[in-house]
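K.L.:
please find the sequence and the predicted model below.
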Amino acid sequence: MKNYSEWNNKTNKPIGIINKNNTCYMNSILQILLNIDPFVYFFLSEKYKEYSDNILLKLISRICDYWSRNTKKTSIYPYKFIKNCLNEFDIDLNEQCDAHEFLCNLLDFIHNECKYSVKISYKNRKTQSELIKNCKKNWELFCKDNYSIITSIFIGQMRREIVCKCKNKSISYESINGLTFNVNDKHIKNSFDNYFHNEEIEYTCQNCKVKSTRKLIKRYEILPNYLIINLNRSNMYGNKNTHQYLFSEEINLKGYCEEELTIDKETKYSLMGAVYHHGNSLNYGHYTCMVKHRDGDWYLYDDDVITKMESEVNKRVYNSVYLLVYKRN
């Protein structure tokens, strides 16, 4: 399939993924990725072949191809994909792995296999402020030999600033593929505020050499097209924290961005998927996921069992939510 607009107008039915050996974490992550259009099309169009002939990429392409069809089957069992993931990521099939860790490993693998060199150029550079120039310069440096389909979907750039009492500023830039919040924040709005506004660190100024506790100011300069939020449910004793965590279907990151860099740019996101962990320990239990399908409806995936969600209440399991994925509007 070569034409994205042609494929994008088609709607396929949801399909389950069979779990035979503690692979519910893989199944939940796959269901999320299979509902991210640019990810699916990258493999459907076989674009990946321009960069790598790795067998795992071919198997992902086969899953995307089967998922995109309207077949009579209601579920699949991607045995070869699972087998190759076990080898590639050194996974023990007798143990349950962490869903977020698997997602990061899979995205890193695809990125490293498919990255290429790209030159990003900007117009009107001479008339731009130093803030914009520095932002774009650092993004260019990051993307130079490090651009991929994963970069275009999930990666954003953040500016980190510390201001000393002597007024000296320490500024750094970080390219990140998601955020990690603590469920003790109780609400996603609290998490954003704590992450971007309330973090303090021990800092030794390079100018006056004085060590002090200073506020770390963080701002998004380049927003990702899909935002991954991992929720830390591990308490101080290493056990699972089962506190409720409230999240919204719509979020706006305008207050967490450099204003000058987000003028006339979309800062609103809509929830497109959530992964849940059920059980009293992070070392065992069961993963399910809730995904907004291409037909606009929400579905709950419990491996090969699919349930269409009819009400708003059914969309959220606050004490089990483990990972959230938002799509930029």
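P.N.:
It's in.

K.L.:
what segments of the protein are strands?
P.N.:
16-17, 75-76, 156-163, 169-176, 179-182, 200-204, 211-222, 226-232, 250-252, 268-278, 286-292, 298-302, 305-308, 321-328 (DSSP state E).

K.L.:
would JSON lines of those with mean pLDDT and mean neighbour count be doable?
P.N.:
(Each C-beta comes from the backbone N, C-alpha and C, glycine too.) Below are the strands of the chain laid out as JSON lines (pLDDT from 0 to 100; neighbours: other C-beta atoms under 10 Å):
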{"stretch": "strand 16-17", "mean pLDDT": "95", "mean neighbour count": "22"}
{"stretch": "strand 75-76", "mean pLDDT": "92", "mean neighbour count": "17"}
{"stretch": "strand 156-163", "mean pLDDT": "90", "mean neighbour count": "18"}
{"stretch": "strand 169-176", "mean pLDDT": "89", "mean neighbour count": "14"}
{"stretch": "strand 179-182", "mean pLDDT": "94", "mean neighbour count": "18"}
{"stretch": "strand 200-204", "mean pLDDT": "86", "mean neighbour count": "12"}
{"stretch": "strand 211-222", "mean pLDDT": "88", "mean neighbour count": "16"}
{"stretch": "strand 226-232", "mean pLDDT": "96", "mean neighbour count": "21"}
{"stretch": "strand 250-252", "mean pLDDT": "94", "mean neighbour count": "15"}
{"stretch": "strand 268-278", "mean pLDDT": "94", "mean neighbour count": "21"}
{"stretch": "strand 286-292", "mean pLDDT": "94", "mean neighbour count": "24"}
{"stretch": "strand 298-302", "mean pLDDT": "94", "mean neighbour count": "21"}
{"stretch": "strand 305-308", "mean pLDDT": "92", "mean neighbour count": "14"}
{"stretch": "strand 321-328", "mean pLDDT": "96", "mean neighbour count": "23"}
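
K.L.:
among those strands, which is nearest residue 85?
P.N.:
Across the strands of the chain, the minimum distance to residue 85, taken as C-beta to C-beta, is reached by strand 16-17, at 12.9 Å.

K.L.:
for the closest one, packing partners?
P.N.:
helix 24-33, strand 75-76 (3 or more C-beta pairs under 8 Å, 6 or more residues apart in numbering; DSSP states H and E).

K.L.:
what's near enough to touch the residue nearest the centre of the chain?
P.N.:
Taking C-alpha atoms, centre = their mean, the centroid of the chain lies closest to residue 228, which sits 2.8 Å from it. With contact taken as C-beta atoms under 8 Å, 6 or more residues apart in numbering, residue 228 is in contact with 103, 154, 177, 178, 179, 323, 324, 325.

K.L.:
quick check: bridge partners of it?
P.N.:
residue 325 (DSSP bridges).
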